[in-house]
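1. using only what follows, build the 3D model:
(one chain, ligands or ions: 1)
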Amino acid sequence: MKLPRIYEGLDREGIYLEGLRRARATVNDMVDHNHRHFAIMTERYQIANASPLGLNFLMFRKAIELQGTPEQQKYWLPLIDGAKVNGAYAQTEVGHGTFVRGIETTATFNHDTDEFILHSPSLTSTKIWPGGLGLSCSHAIVVARLKIGKPPVDHGIHMFLVQVRSMEDFRPVDGVELGDQGMKMSYNGTCNGYAKFDNLRIPRNSLLSAHAQVTKDGSFIQGKIDKTRLLKKTYSIMLHHRGLIPRCVSFALAQSVTITARYSVAILEFKSQHYRILALISQAYAILFASKRFDIQYEALQQDESGDGASARLPFIHALASGLKAWSSTVACAGVEEARQMCGGHGYVALSGLPEILSAVSASLTFEGENYVLWQQLGKYLLGQLQAFTTGIPIAPEMGGFLTGIEQYLRDEKFDAEFKDARRDELLDASKLLSIFLHRSRRLLVTAYRQFERNVQQLHPAQAWNRVMMPIISAGRAFIEYLVLQYYKDYIDAISTAEPSLLPVLTRLYSLFALTTVINPNSQFTSASFTEDGTLSLSQIHDMGEQIDELLTDLLPDVISLTDAWDFTDASLCSALGCRDGNVYERLMSWTRQIPINSAVKESNGVLSSMWDGPYGMEGILKRDIEKGARL
Ligand SMILES: Cc1cc2nc3c(=O)[nH]c(=O)nc-3n(C[C@H](O)[C@H](O)[C@H](O)COP(=O)(O)OP(=O)(O)OC[C@H]3O[C@@H](n4cnc5c(N)ncnc54)[C@H](O)[C@@H]3O)c2cc1C
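-> As a prediction, the model looks like this:
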């Protein structure tokens with residue numbers, strides 16, 4: 001029962017060096033054995049940007065793959081794959097995160113020297129947050145405004161591949177100030193950092209030039225690639241990274257429920273524990289199945305070379321990636337926190353592994369598109385599709401099934417929904433459950449659409465949008481929950497022939513996921529949004545509660561198999577509470593005794609000498625002169 005090394009060094013430098021040690025081990029493994037296992041997730045199943053060498057294979061490589069010329073790719077990709085360079089992706093600035101169009105860093109072409117001058121013109125233009133940039137990166141993709149001519153003409157935002165440290169001694173090159181951001185909620189094994197450029201000269205071929213080039217004479221040439229392919233390539237980087245998040249957060253949630261299930265074996269009979277663990281397990285599976293479906297659609301888009309097909313698909317996939325990312329990270333983050341609470345005080349201690357998983361997953365609410373901004377991107381798409389539908393403009397093929405039938409909602413007709421008078425036992429039927437989610441999603445979309453249409457007659461569109469933002473976000477969330485349930489159902493349908501033995505448990509889990517989304521003790525909005533129009537009755541909600549109870553009883557014997565099925569190793573969980581052998585208390589106390597501060601105390605007869613007689617030690621407090629006459 002040896003204490004994992006990550007708990008040994010608790011100073012900033014120690015934690016970073018531990019992160020680097022682990023990163024080196026995984027990268028060496030990839031290079032030596034020619035695989036890509038850790039290119040997306042670390043050995044602890046965190047998104048690879050948690051590692052100081054992670055963004056090299058993730059964002060740095062992808063940017064060159066999609067935005068570099070064949071020559072640039074030929075030169076750089078082998079260096080990346082062989083870990084001969086370590087790259088970061090530097091887009092965010094102190095003053096500009098979500099608002100990418102506001103980026104201030106400039107790359108001005110200098111005709112005389114055939115170079116760009118990379119410069120941070122203000123405090124707010126300082127690059128901040130790039131993973132690995134603080135201490136570990138030799139290179140970075142820097143997103144900057146391209147300027148050419150006298151007076152300079154702004155050609156918009158472009159990507160530049162920039163060397164930021166010497167390959168000899170790893171010092172920052174002249175003209176770049178680099179630094180670490182210090183301790184964060186999590187991600188402390190890497191060095192998210194800042195970079196300030198002071199007229200740094202970089203060669204003309206630093207511009208990633210697949211789609212736009214600057215010639216020696218300073219001409220700006222847009223690539224000949226057609227508009228759809230250009231859009232596809234530009235969006236692909238974002239879609240790729242955004243699309244990875246559901247998969248990664250499903251693992252984070254699954255890790256937490258695995259730890260909590262193993263910790264809870266003796267207390268699973270408590271209904272609240274029983275309810276919470278199984279609801280969370282069902283969510284982890286729902287996110288995983290949805291992410292698999294997204295991967296298939298993303299891959300199909302990549303393979304689709306036809307102009308029309310790809311251009312029709314792209315907006316849907318973009319909206320899907322935004323919504324799935326926002327939904328899955330929100331659900332996973334709340335779920336990991338719930339799992340932590342379920343372990344009581346032990347879940348709060350670092351040795352449980354849960355605080356690290358929680359704080360890491362909470363970063364995914366913010367990066368790759370802040371969630372509330374992403375909900376709006378989805379909302380914009382949905383409102384646009386509904387408007388197209390109502391005015392007879394062709395809609396995306398993926399939206400056909402959803403929008404066909406929405407006329408009833410637009411006409412305010414009474415609903416004869418197929419679930420309207422569904423009896424108690426019918427409320428477990430997969431198709432009926434799906435139709436409940438479809439109804440709610442269509443209804444909320446029409447509500448938001450109407451409110452927007454009303455407001456936009458009196459206000460500027462941006463003001464109207466702002467006023468209706470919350471209903472739009474609710475409509476987006478309901479749409480994603482409907483899709484996730486649809487994907488879950490498709491997955492079960494597919495598995496019914498491939499793995500029929502899994503069908504009963506996965507079907508129950510599906511129903512539990514759906515019903516606990518409707519009846520969510522933690523969210524009044526959720527239940528209300530299913531019932532407020534009266535189509536689903538209160539007595540049906542009561543029946544759902546009873547069905548949940550029965551599902552919980554049926555699923556109880558499967559809790560451990562459902563979490564073991566993720567097959568996490570003890571080493572990847574790093575949890576005193578969650579090892580496979582279930583030896584919780586013995587391991588917790590064994591690891592606690594091995595924490596360096598406790599070892600030091602033990603070696604000096606049970607007292608940490610610096611705390612007793614050091615400059616601010618306890619001795620000075622307890623043995624201070626007591627004022628005459630004072631009472632203790
Ligand atoms: C762990 C971590 C790693 C990161 N790694 C990288 C990296 O490798 N490279 C990189 O370039 N960046 C990285 N980032 C930065 C990240 O991409 C940004 O933090 C993110 O884009 C959000 O931008 P911001 O921090 O400026 O927040 P803001 O966008 O300013 O958000 C602040 C608040 O304003 C709200 N808001 C903003 N715009 C709108 C709007 N239009 N409508 C409604 N509300 C709005 C948001 O909802 C939020 O509540 C990382 C961040 C984290 C936390």
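2. which SS class is V143?
-> Here V143 is recorded as strand under DSSP: H, G, I helix; E, B strand; the rest coil.
3. what values do phi and psi take at the closest residue in space to it that isn't next to it in sequence?
-> The shortest distance from V143 to any non-neighbouring residue, by C-beta to C-beta, 6 or more residues apart in numbering, is to Q91 (4.3 Å). (C-beta placed from N, C-alpha, C; glycine too.) The phi/psi pair for Q91 (degrees, to the nearest 10) reads phi -110, psi -50.
4. could I have the CA atoms of the worst-scoring helix or strand of the chain on mean pLDDT written out in CSV?
-> Within the chain, no helix or strand scores below helix 524-531, which has a mean of 81 by mean pLDDT, DSSP states H and E. C-alpha atoms of helix 524-531 as CSV (Å, rounded to 0.1, in the frame of the first residue of the first chain):
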residue,chain,number,x,y,z
GLN,A,524,-37.1,22.2,-9.9
PHE,A,525,-36.7,23.4,-13.5
THR,A,526,-36.3,20.0,-14.8
SER,A,527,-39.5,18.5,-13.5
ALA,A,528,-41.5,21.7,-14.1
SER,A,529,-40.4,21.8,-17.8
PHE,A,530,-41.8,18.4,-18.3
THR,A,531,-45.1,19.1,-16.7
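5. ok, and for it, which residues are buried?
-> Buried residues in helix 524-531, counting neighbours by 16 or more other C-beta atoms under 10 Å, are found at 526-527, 529-531.
6. contacting residues for the residue nearest to V143?
-> 100, 103, 127, 130, 143 (C-beta atoms under 8 Å, 6 or more residues apart in numbering).
7. out of those, which are close to the ligand?
-> P130 (C-beta under 6 Å from any ligand atom).
8. which among the contacts of Q91 end up buried?
-> 103, 127, 130, 143.
9. which one of the residues you listed is nearest to the ligand?
-> Distance ranking of those against the ligand, using C-beta to the nearest ligand atom, places P130 first at 4.0 Å.
10. ok now do that closest one, which residues does it touch?
-> So P130 contacts 55, 88-92, 137, 140, 192-193, 195 (C-beta under 8 Å, 6+ apart).
11. repeat that for I541.
-> 518-519, 527, 530-531 are the contacts of I541 under C-beta under 8 Å, 6+ apart.
12. now swap in D554 and tell me
-> By C-beta under 8 Å, 6+ apart, the neighbours of D554 are R508.
13. the helix or strand in which it is found: what's the following helix or strand?
-> Here D554, judged by DSSP states H and E, is contained in helix 538-555. As assigned by DSSP H and E, the chain's next helix or strand after helix 538-555 is helix 559-564.
14. helices or strands up against that next one?
-> helix 227-264, helix 271-303, helix 503-518 (3 or more C-beta pairs under 8 Å, 6 or more residues apart in numbering; DSSP states H and E).
15. hmm, try it at 6 Å
-> helix 227-264 (3 or more C-beta pairs under 6 Å, 6 or more residues apart in numbering; DSSP states H and E).
16. in space, what's closest to the residue in the stretch 501-632 of the chain that the ligand sits nearest to - neighbours in sequence excluded?
-> The ligand sits closest to F525 of the stretch 501-632 of the chain, with a gap of 18.3 Å, by C-beta to the nearest ligand atom. Once flanking residues are discounted, F525 sits nearest to S474: 7.4 Å by C-beta to C-beta, 6+ apart.
17. tell me the pLDDT at that neighbour?
-> Here, the pLDDT recorded for S474 equals 96.
18. what's the answer for Y409, then?
-> 90.
19. one more: G307?
-> pLDDT, G307: 60.
20. burial count for the residue nearest to E418 when sequence neighbours are not counted?
-> Spatial nearest neighbour of E418, excluding adjacent residues (C-beta to C-beta, 6+ apart): S435 at 5.2 Å. Using other C-beta atoms under 10 Å, the number of residues around S435 comes to 17.
21. I'd assumed A422 was in contact with S435.
-> No: the criterion here is C-beta atoms under 6 Å, and S435 misses it with A422 at 9.2 Å.
22. next up, phi/psi of A88, please.
-> Torsion angles, degrees, to the nearest 10, at A88: phi -120, psi 170.
23. what number of residues lie near the residue lying closest to L506 once chain neighbours are set aside?
-> Computed as C-beta to C-beta, 6+ apart, the closest residue to L506 that is not its neighbour in sequence is I492, at 5.3 Å. The local packing of I492 (other C-beta under 10 Å) involves 17 other residues.
24. the helix or strand where I492 lies near the ligand anywhere?
-> Here I492 sits within helix 469-498, counting by DSSP H and E. No: using C-beta under 6 Å from any ligand atom, helix 469-498 stays clear of the ligand, coming no nearer than 7.0 Å.
25. which elements pack onto that helix?
-> Using 3+ C-beta pairs under 6 Å, 6+ apart, helix 469-498 sits against helix 271-303, helix 307-342, helix 371-391, helix 430-456, helix 503-518.
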